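K.L.:
Build me a model:
(chains A and B)
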Amino acid sequence: MTIRRFKSLLILGLSLLLFACNLQSTGFPITEENSVSDKKIPKLGLSLVETSNPWRTVQINSIKEIARSGSVELVYYEPDEYTVEWQVQNLRKLIEEGVDYLVVVPHETAPLREMLELAREREIPVILIEQNRESIPRELYATLISTDYIREGEICAQMLVEKYGDRPCNIVEIFGTLNSPVTKGRSEGFHRVLYKHPNLKIIASEYGNFDRVTAQKAMEKILVQALDQRKPIDAVFAHSDEDGLGALQALKVAGQPVGTDISIVSINGVQDVCKAIIAGEYLGTVKSNPRWGQIILTLVQMMERGTKPFPMVIIPYRIINAENAEERFPSAY
Amino acid sequence: MDEIKSMIINDGKKTKGDLLRNMSLKPRLILFFVLLSAIPVLIVGVVTFLIFSNVVLNMAEENATNTIDLVCSDIDLLFEDVSSLCELISNDLNMQEKLRRHFDSIQEQYSTDLRGDMELASISTYKKDIFGLYVIGENGGEYKSNYSSFQVEDHSQTAWYKRIIQSNEAEWFTPHEGSFVVRTSITDRFISVGIPFIDKASGKKNGVVLADIREDSIISRIRQGLGQKGIILLLDENDNLLFSVSQEGEPRNSEKEQLVRTSVQKFFNSGKVLSPGTSTLIPDKENLIIFRPLGRSNWRIAGVIDKSVFTQQNESITLAVTLILTVVVIISMLGAVSASESISRPLRTLSELMEQVEDGDMAVQMEDLPKDEIGRLGKSFNHMVFRIQALIDQIYQEQSKLRNSELKALQSQIRPHFLYNTLDSVTWLLRLGKIDEAINMLTALSTLFRVSLSKGREIITIEEELKHVNSYLLIESVIYSKKFDYSVETDLDLGDCLIPKLILQPLVENAINHGMSSKKNRIHIHVSVLDDKNGIHMSVKDTGVGIPVQELELLRERLQEYKSNQGNDNGYGLYNVAFRIPLFFGDKYGLEVNSTYGEGTEVQIFIPKLRGEKKNA
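P.N.:
I've put the predicted structure just below:
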């Protein structure tokens, strides 16, 4: 039942994307007139903690671009530190500054509830990004944009199933950040598939924090442990491409054979992973488009007009593997 | 003309001197105290402040110069670091190999790319200011130190690549939005430096090395170093502004930037040449401009601080000093007022009391005497007033006694017995037909009374006194039927000397009353008024019975007693005279009685010689 619902949402999201692209290409004279006659440009507050990976860079740029086009005014502060405490303060600051809309990429969900409640009190609609729909009460946000985390995890597992079939496969799981909905969703999806394939089993897991250096260190630790326990490592499931690249680097540094013997799968679809797939060092990645600026703008404009925004926009995905990597390399992020 | 001028000047001087002299004591004291305390304090305060503020200003300027210099050299060092890092990478063994090799497949190329990335990755961990360092090879290999994705394009066709490859040295790229090589946040700005990569085997250029420095990191470096208000300008080789950094929150002052740039240009136009890596202070009135060409690039860096910042600091010091000086001056003025008040108040009291005394009120006394010189003065004043009061009392009493005794002397003249005897004698003379003698007698009586009264005067001339005595002697000699004869001797030039009236007559009366006796038939009375050396010597001498020794002693005693007691009432004649003479002339003068029993008596008076118009004492 849930899958069916997802499918319907997926279709909704796709149609919205088309709509958004349309908007961009034709320019929709009516909306422009509206924005001119209103004269008031909505103030959009953006709050996110993690910025330093190519996928996120593209995502932030797409939001900055809608601000450049003059459709919204963007209020955004670069994080001083990568903690949820900083995000709480950042949200409070944005609310105090009187933004009209909040775009929030939660680092963790629980500590942010207080601020989301404050935003509701001030009647500031919240656009949640990358959010597991269960983790935050529906009344605290206006709309939600996300990829389907569970599905992404499932596809990663599926890639490994395809490669290893009935052969035994020892897997290392590199998580994202602790308590983040992304981590939870992707892990859940991955494990769902693994449940049906007992020959695939996870022998070690560590947090990579969506960061290449942290993930590399985590993988180095696991390699030493695995060596001690005499357990061969056959595959790595990383929650993001950065985690995967970190693991790949750790393997390279340790002199382990990459590609042929150890397969790495992850999610995002950044350029370096694409290169690694082409070089034969990486099994595959689940690519999703991070250019969400136009979607956010559409949702904001819906709310500006007084119509109820779509409750949820699910971003579609594509698989990149050795078969299509060269072809898809230019569009990698 | 000159005289008038000098007079005017003199007048001016006079009035100045007078002004000070005419001031009352209190304002004069206040003036002196203020001159002596407030003015030195003010002078010391102002001079100290001027020296101090000058020192502070110099220190602040020096400080600012050092700060800007430090910031400039910091930036210079960063640029130098980055460009030498590029050189280092271009000489790296692994990089040389990677750029020299030929890739057979895309797999091989990408695999090498990822390896190269790992090798460069360490750079961003130890050199935080470098956003990214990239090596682009002609063979298609591309390596980066950060985790951003490459721009998907043929780098060798881009303008920046061509510029670097055609150059032989480090090429600096002015601040631009987004990196040339990788995908970055569209709002980030970068300064880039690139050098051609030279293959050590062939000596040919087979790629480029490029480094990105985030403008933000330079700006925050400058802000940290700058500390106080000021602007840092980065200018290219043509003095075009690359970017300027002012203190956070301070609005960009493009007008000032323009001003500084013209000032810098003027400096260069004057033919000055600067050596790279050293700072120069460019003269400017309003701003402190420190100028420094960078060591590696052709760019220049200029630090500007508005000089008014220092004067602002100074203003607060000025305010504080002014306040303190004002307070000190007010305190010293209050001190001067109270000090002068404490000195002048008792003096003023004293002078007020003196005025009261002048008006005749002798009852005043100064109270609350301080224990200083003024207190002693007050004490003397009190004593003096007391003495004056006592003297006045004494004079008052003496005067009343004098009047009394004069009255008595007068009364003795008109005793009924004397008048009766005189008139009886005149009657007898008339009956005897001696008209001439009767006329003489009456004339003498008239003279006697006229002189006695003397229009109420107390002091008369000797001439008048002698007329009086003569008249008296004439009348008495008739009354006593020639029982005595008399002679009057006088120095003619003493006629206008002054004496108290009715002095001689009582003595003559005394000689007649006591000198004559029934035994002796006739006595002689001799009156003399003679000029002595130190005064006038008067004497009444008779040849009567004289006074027995014991009685004479008694008489002398009583006269003495009478004189000192100034008083009882029994005396007339001799006693009256003995009393009046010292009253007029002082205790030195008086009356002396000498007598030999059976031969006669002489009463002598000695008085000072007084001449002149003195009519009334």
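K.L.:
Contact residues of the stretch 1-150 of chain A facing chain B?
P.N.:
Taking Cβ under 8 Å from any Cβ of the partner chain as the criterion, the stretch 1-150 of chain A approaches chain B at residues A:51-54, A:57-58, A:60-61, A:64-65, A:68. For every residue, glycine as well, the C-beta is placed using N, CA and C.
K.L.:
Restrict stretch A:217-236 to CA atoms and write it as PDB.
P.N.:
C-alpha atoms of stretch A:217-236 as PDB (Å, rounded to 0.1, in the frame of the first residue of the first chain):
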ATOM      1  CA  LYS A 217      38.900   7.000   8.400                       C
ATOM      2  CA  ALA A 218      35.900   4.900   9.200                       C
ATOM      3  CA  MET A 219      36.700   2.500   6.400                       C
ATOM      4  CA  GLU A 220      40.300   2.300   7.500                       C
ATOM      5  CA  LYS A 221      39.200   1.200  10.900                       C
ATOM      6  CA  ILE A 222      36.800  -1.400   9.500                       C
ATOM      7  CA  LEU A 223      39.500  -2.800   7.300                       C
ATOM      8  CA  VAL A 224      41.800  -3.400  10.200                       C
ATOM      9  CA  GLN A 225      39.000  -5.000  12.200                       C
ATOM     10  CA  ALA A 226      38.000  -7.300   9.300                       C
ATOM     11  CA  LEU A 227      41.600  -8.400   8.900                       C
ATOM     12  CA  ASP A 228      41.700  -9.200  12.600                       C
ATOM     13  CA  GLN A 229      38.500 -11.200  12.300                       C
ATOM     14  CA  ARG A 230      39.600 -12.800   9.100                       C
ATOM     15  CA  LYS A 231      36.500 -11.800   7.300                       C
ATOM     16  CA  PRO A 232      36.900 -10.900   3.700                       C
ATOM     17  CA  ILE A 233      35.000  -7.800   2.600                       C
ATOM     18  CA  ASP A 234      33.100  -8.100  -0.700                       C
ATOM     19  CA  ALA A 235      31.100  -5.000  -0.900                       C
ATOM     20  CA  VAL A 236      30.500  -1.500   0.600                       C
END
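K.L.:
Show the low-confidence segments of the stretch 251-400 of chain B, by residue range.
P.N.:
Flagging of the stretch 251-400 of chain B using pLDDT under 70 yields the residue ranges B:251-256, B:271-277.
K.L.:
Please apply the same query to chain A.
P.N.:
Along chain A, the model assigns pLDDT under 70 to residues A:1-39, A:131-134, A:259.
K.L.:
Spit out the contact partners of the residue in the stretch 1-150 of chain A that chain B sits nearest to.
P.N.:
Using Cβ to the nearest Cβ, the point where the stretch 1-150 of chain A gets nearest to chain B is residue A:54, with a distance of 4.2 Å. Each residue near residue A:54 by Cβ atoms under 8 Å, 6 or more residues apart in numbering or on different chains is listed here: A:270-272, A:333, B:147-149, B:183.
K.L.:
Looking at the residues of the stretch 1-150 of chain A next to chain B, which are in helices?
P.N.:
Counting by DSSP state H, the part of the residues of the stretch 1-150 of chain A next to chain B found in helices is A:54, A:57-58, A:60-61, A:64-65, A:68.
K.L.:
follow-up on the earlier one: any of the residues of the stretch 1-150 of chain A next to chain B buried? List them.
P.N.:
Listed as buried from the residues of the stretch 1-150 of chain A next to chain B are A:53-54, A:57-58, A:60-61, A:64-65; burial here means 16 or more other Cβ atoms under 10 Å in any protein chain shown.
K.L.:
Turn these into JSON lines, columns for distance to residue B:479.
P.N.:
Written out in JSON lines, the entries for these read as follows (distance: Cβ to Cβ, whole Å):
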{"residue": "A:53", "distance to residue B:479": "167"}
{"residue": "A:54", "distance to residue B:479": "170"}
{"residue": "A:57", "distance to residue B:479": "165"}
{"residue": "A:58", "distance to residue B:479": "169"}
{"residue": "A:60", "distance to residue B:479": "162"}
{"residue": "A:61", "distance to residue B:479": "164"}
{"residue": "A:64", "distance to residue B:479": "160"}
{"residue": "A:65", "distance to residue B:479": "164"}
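K.L.:
so how far is residue A:100 from the nearest residue to residue A:74 once chain neighbours are set aside?
P.N.:
With Cβ to Cβ, 6 or more residues apart in numbering or on different chains as the measure, residue A:67 is the residue that lies nearest to residue A:74, at 3.6 Å, once sequence neighbours are left out. With the distance defined as Cβ to Cβ, to the nearest Å, residue A:67 ends up 13 Å from residue A:100.
K.L.:
Determine the number of other residues adjacent to whatever residue of the stretch 451-600 of chain B ends up closest to chain A.
P.N.:
Of the residues in the stretch 451-600 of chain B, the one nearest chain A is residue B:586, at a distance of 112.6 Å by Cβ to the nearest Cβ. Burial of residue B:586 is recorded as 10 neighbouring residues (other Cβ atoms under 10 Å in any protein chain shown).
K.L.:
contacting residues around it?
P.N.:
Residues touching residue B:586, when contacts are defined by Cβ under 8 Å, 6+ apart, are absent altogether.
K.L.:
Repeat that for residue B:496.
P.N.:
By Cβ under 8 Å, 6+ apart, the contact list for residue B:496 reads B:461-463, B:611.
K.L.:
what touches both of residue A:67 and residue A:100?
P.N.:
Taking Cβ under 8 Å, 6+ apart as the criterion, residue A:67 and residue A:100 both touch residue A:44.
K.L.:
Check whether stretch A:207-227 comes into contact with chain B.
P.N.:
Yes - on the criterion Cβ under 8 Å from any Cβ, stretch A:207-227 is in touch with chain B at residue A:212.
K.L.:
Could you tell me which residues within that stretch count as buried?
P.N.:
Neighbour counts using 16+ other Cβ under 10 Å place A:207-212, A:214-216, A:218-220, A:222-223, A:226 of stretch A:207-227 among the buried residues.
K.L.:
can you check stretch B:525-540 too?
P.N.:
B:525-529, B:535-540.
K.L.:
In terms of helix, strand or coil, where does the closest residue to residue B:205 other than its chain neighbours fall?
P.N.:
Once its chain neighbours are removed from consideration, residue B:205 has its nearest residue in residue B:196; the separation is 4.4 Å (Cβ to Cβ, 6+ apart). Here residue B:196 takes the strand state, with states given by DSSP: H, G, I helix; E, B strand; the rest coil.
K.L.:
just to revisit the earlier point, any chance of the backbone angles for the residue of the stretch 451-600 of chain B closest to chain A?
P.N.:
In terms of degrees, to the nearest 10, the main-chain angles of residue B:586 are phi 100, psi 170.
K.L.:
Over to residue A:74?
P.N.:
Torsion angles at residue A:74 (phi, psi; degrees, to the nearest 10) stand at phi -100, psi 130.
K.L.:
pretty sure it contacts residue A:63?
P.N.:
Yes - Residue A:74 is within contact range of residue A:63, at 6.7 Å (criterion: Cβ atoms under 8 Å).
K.L.:
between the two, who's got more neighbours?
P.N.:
Neighbours per residue, other Cβ under 10 Å: of residue A:74 and residue A:63, the larger number sits with residue A:63, 25 against 20.
K.L.:
neighbours of the nearest residue to that one once chain neighbours are set aside, just the number please.
P.N.:
On the basis of Cβ to Cβ, 6+ apart, the spatially nearest residue to residue A:63 that is not a chain neighbour turns out to be residue A:293, at 4.5 Å. Here the count is done by other Cβ under 10 Å, and residue A:293 has 26 residues near it.
K.L.:
what does residue B:270 give?
P.N.:
One way to gauge burial is a neighbour count; for residue B:270, by other Cβ under 10 Å, it gives 7.
K.L.:
if we can go back for a sec, restricted to strands, list the contacts of residue A:54.
P.N.:
Residues of these located in strands (DSSP state E): none.
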